[in-house]
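>>> requesting a structural model of the entry that follows:
(one chain, ligands or ions: 2)
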Amino acid sequence: MTIETVVIGGRGHTGSALLPLLDGHPEITIRAVASGTAAGEPVAGHVEAMRGSDLVFSDLRPDAVRDLDARLYILALPNGKAGAWVEAIDTHCPDAVIVDLSADYRFDDQWSYGLPEHFAPGLRGATRIANPGCYATGAQLALTPVRERLAATPVVFGVSGYSGAGKTPSRKNDPLVLADNLLPYALADHIHERELSHHLGRDARFMPHVASFFRGISLTVAVEFAEPCRAEVLHEQFRDFYGQASLVQVTASAPEVAQVRDSAAALVGGFTVSQSHPTRAAIVCVLDNLLKGAASQAVQNINLAFGLDELSGLEHCMTVAGRVNDE
Ligand SMILES: NC(=O)C1=CN([C@@H]2O[C@H](COP(=O)(O)OP(=O)(O)OC[C@H]3O[C@@H](n4cnc5c(N)ncnc54)[C@H](OP(=O)(O)O)[C@@H]3O)[C@@H](O)[C@H]2O)C=CC1
Ligand SMILES: CC(=O)N[C@@H](CCC(=O)OP(=O)(O)O)C(=O)O
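Ligands and ions are numbered 1, 2, ... in the order given. Next up, the predicted model:
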């Protein structure tokens, strides 16, 4: 099986993380990579991990899909830009698979939501896949196993590396602004708060921040249970929940974002229960926003959509640094 693939928005941070994964995937052939501003330039000149590739960025418009004869389109465009491509693909090559990395279709029930650890059945054979947001991925990994026991709205405190803000210059990805600093932003009603609540199936609060490191996300989740709990019980419950999930590792100690840099795996752990209020607990999740939060999760979803082993093409980036002490 050769999956002829087109990447739209390949010059961006997520596109740049995705291209080497696709290039190394045993079943995928990259047919074209679209970039408006870098058209005509070699991909290898923008993506270090693609050195040796003879791919050149193309200036593609949506109606180009008529002649591309691709089986897979991956959209890595800013929010609000996927529609024209989806419309063209629906019209000219409706059988092709679309994986959209943006938020545009995450609330569309006609699309499969691409969090494989929770929604794999709907992803097998899917042709329209909405890849989750990076924060929303980690928050759901930390909350879904306990959502039935929550007695109050959970609160998620997140910190992202500045690659999360994309390449378009802003205060959120300006190293000078971020030096020795931490930027709180969108502390209510962030789209990931809505996405998390929608797919968790209950209300949740989310407060993002961006920091001066490039990649990675650390989430600390505060939960209130109906009944008192113990850290060891939580650990065991999460270990059982993710027992078959190769890319979600459960740790007793609090995982650290540096452990998952450049990894397709997420870590969930640090289960902490208040001594004075044993119905209160904290859970930590860390992941690489460009991999488990975007590109490698897209590859998991592509594998499921095409009936391949979910980890195909990801074997080389599944490890995490340091001890994962999962007794
Ligand atoms: N960064 C992250 O950690 C994550 C991002 N996402 C989502 O993935 C998508 C891509 O994010 P990211 O890679 O960070 O973004 P970047 O800003 O790094 O890249 C965006 C890409 O889209 C193209 N682009 C920019 N503006 C336009 C426009 N007006 N019309 C068409 N194309 C445009 C650019 O192409 P050109 O080369 O022509 O300039 C660029 O290649 C976004 O929807 C984002 O929300 C999802 C999960 C994690
Ligand atoms: C630091 C930073 O700006 N992060 C981005 C997360 C980007 C992302 O996950 O993409 P979606 O917008 O497609 O969900 C944000 O908060 O919007």
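>>> OK, contacts around the residue nearest the centre of the chain?
With distances taken as CA atoms, centre = their mean, Gly293 lies nearest the centre of the chain, 2.0 Å away. Counting by CB atoms under 8 Å, 6 or more residues apart in numbering, Gly293 makes contact with Pro132, Gly133, Cys134, Tyr135, Thr137, Gly138, Gly164, Ile217, Leu287. No exception for glycine: its C-beta is placed from N, CA and C like everyone else's.
>>> what's the helix or strand for it?
Assigned by DSSP states H and E, Gly293 falls within no helix or strand.
>>> quick revisit: for the contacts of Gly293, give me a markdown table that also has distance to Pro175.
As requested, the contacts of Gly293 are exported to a markdown table (distance: CB to CB, whole Å):
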| residue | distance to Pro175 |
| --- | --- |
| Pro132 | 27 |
| Gly133 | 23 |
| Cys134 | 20 |
| Tyr135 | 21 |
| Thr137 | 25 |
| Gly138 | 24 |
| Gly164 | 14 |
| Ile217 | 18 |
| Leu287 | 22 |
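>>> mind listing which of those residues are in helices?
Cys134, Tyr135, Thr137, Gly138 (DSSP state H).
>>> by neighbour count, which of the residues you listed wins?
Using other CB atoms under 10 Å as the neighbour test, the ones in helices among the contacts of Gly293 are led by Gly138, with 31 neighbours.
>>> look up how far Ala305 lies from that residue.
Distance of Gly138 to Ala305, given as CB to CB, to the nearest Å: 23 Å.
>>> Phe206 too?
Going from Phe206 to Ala305 by CB to CB gives 28 Å.
>>> quick one: which of these two has more around it?
Of the pair Phe206 and Ala305, Phe206 is the one with more neighbours under other CB under 10 Å, namely 26 against 22.
>>> that one belongs to a strand?
Yes. Phe206 forms part of a strand when assessed by DSSP: H, G, I helix; E, B strand; the rest coil.
>>> so the residue in the stretch 201-327 of the chain positioned nearest to ligand 2, which of the three states?
Proximity of the stretch 201-327 of the chain to ligand 2 (CB to the nearest ligand atom) peaks at Val210, 4.1 Å away. The three-state label given to Val210 by three-state DSSP is strand.
>>> test my guess that it contacts Val159.
Yes. The pair Val210 / Val159 is scored as a contact, 7.3 Å apart, by CB atoms under 8 Å.
>>> show the contacting residues for the residue of the chain found nearest ligand 1.
In the chain, the residue that lies nearest ligand 1 is Gly12 (2.1 Å; CB to the nearest ligand atom). By CB under 8 Å, 6+ apart, the contact set of Gly12 is Ala76, Leu77, Gly166, Lys167.
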